[in-house]
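>>> Below are the sequence and a predicted model; questions follow.
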Amino acid sequence: METKLFTKFSAEFFGTLVLVLMGCGSAVIAGANGTTGVGILGIAFAFGLSVVAMAYAIGHISGCHINPAISIGMVVAGRMPAKEAGVYIIGQILGAIAGAGLLFLIASGKDGYSIVANGLGQDGYAAASPGGYNLLSGFVAETVFTFIFLLVIFGSTSTRNINGGFAGLAIGLSLVLIHIVGIPVTGVSVNPARSIGPALLVGGTAISQLWLFILAPILGSVLSAVVWRYLLERK
């Protein structure tokens, strides 16, 4: 792997690690209801602020995708080569696994914590949905939310956007908005790596339902890229 590409790989690895550690960590460690819990709003902002922080930390290195759906969408939109996207995706998945591992190491230091009972912020539908939403609701939500998320990314990073310096903020806040609405439905993925990391460690239902949180975000990103490239930003 050439040096420049390895640097981008490393940036995507560490960026995704931070997203999973802080985002999922807010749910596992600080998300309980009550006076000491941050609740849905707190978790939503933890995910969004993680993206904002990483956008300004590694955005100039790799673009701060930290999400396979974004990398795939960029390929479909003609913004990056498939080979480079493949390297990004490997880094993102490994980073997500490392972030979930660190979260488990921290969370397991508290008496009474159980990965079976408390989990690692994994996503789910039906019985595993935070609000009891079924498979269809979960699939539609993940597809549509990813579609919207990618539109924000394409628009805010477009060369035609004179406010491109605020792209990281716009992208992060859009993720906050998506989490506020979507956490009760699936816990919100819109990012296959974010789902893969916790699911691999938790196992069981999280593994059996993982397909949805890989397929739906990718479908949403591809649809968004097609709409953006051929409808909204046609030359």
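Cool, got the structure. Numbering: from 1, shown residues only.
>>> need the contact list for the residue nearest the centre of the chain.
Nearest residue to the geometric centre of the chain (CA atoms, centre = their mean): N191, 3.6 Å. Residues counted as contacts of N191 (CB atoms under 8 Å, 6 or more residues apart in numbering) are L19, I66, N67, P68, A69, P217. Backbone N, C-alpha and C define where each C-beta goes, glycine included.
>>> State the distance from it to A96.
8 Å (CB to CB, to the nearest Å).
>>> give me the number of residues near A85?
The number of residues packed near A85 is 20, by other CB atoms under 10 Å.
>>> check contacts around it.
Residues in contact with A85, defined by CB under 8 Å, 6+ apart, are S71, I72, M74, V75.
>>> Over to L5?
E84, V87.
>>> before we move on, back to that, redo the contacts of N191 as a markdown table? Include distance to A44.
Formatted as a markdown table, those follow (distance: CB to CB, whole Å):
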| residue | distance to A44 |
| --- | --- |
| L19 | 13 |
| I66 | 17 |
| N67 | 16 |
| P68 | 21 |
| A69 | 18 |
| P217 | 17 |
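>>> quick one: which of these is nearest to Y133?
Closest approach between those and Y133, by CB to CB: P217, at 16.5 Å.
>>> What's the local residue count around the closest one?
30.
>>> Keep only those of the contacts of A85 that are in helices.
S71, I72, M74, V75 (DSSP state H).
>>> Now do the contacts for the nearest residue to A127 once chain neighbours are set aside.
Nearest in space to A127, with sequence neighbours left out and distances taken as CB to CB, 6 or more residues apart in numbering, is T205 at 7.5 Å. T205 is in contact with G124, A127, A128, counting by CB under 8 Å, 6+ apart.
>>> Just the pLDDT for the nearest residue to the last one once chain neighbours are set aside.
Spelled out, it's A128. Among residues not flanking A128 along the chain, T205 sits closest, at 5.1 Å (CB to CB, 6+ apart). Here the pLDDT value assigned to T205 is 97.
>>> Which member of the ones in helices among the contacts of A85 is positioned nearest G112?
Using CB to CB, the ones in helices among the contacts of A85 come closest to G112 at S71, 38.6 Å.
>>> What residues sit buried inside the longest helix along the chain?
Taking DSSP H as the criterion, the chain has its longest helix at helix 82-107. For helix 82-107, a neighbour-count test (16 or more other CB atoms under 10 Å) marks 84-85, 87-89, 91-101, 103-104, 107 as buried.
>>> next one: stretch 167-181
167-180.
>>> In helices only, show me those.
Those of the buried residues of stretch 167-181 lying in helices (DSSP H): 167-180.
>>> Let me have those residues in CSV, extended by distance to G23.
What follows is those, written out as CSV (distance: CB to CB, whole Å):
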residue, distance to G23
A167, 19
G168, 16
L169, 17
A170, 18
I171, 14
G172, 11
L173, 15
S174, 14
L175, 9
V176, 11
L177, 15
I178, 12
H179, 9
I180, 14
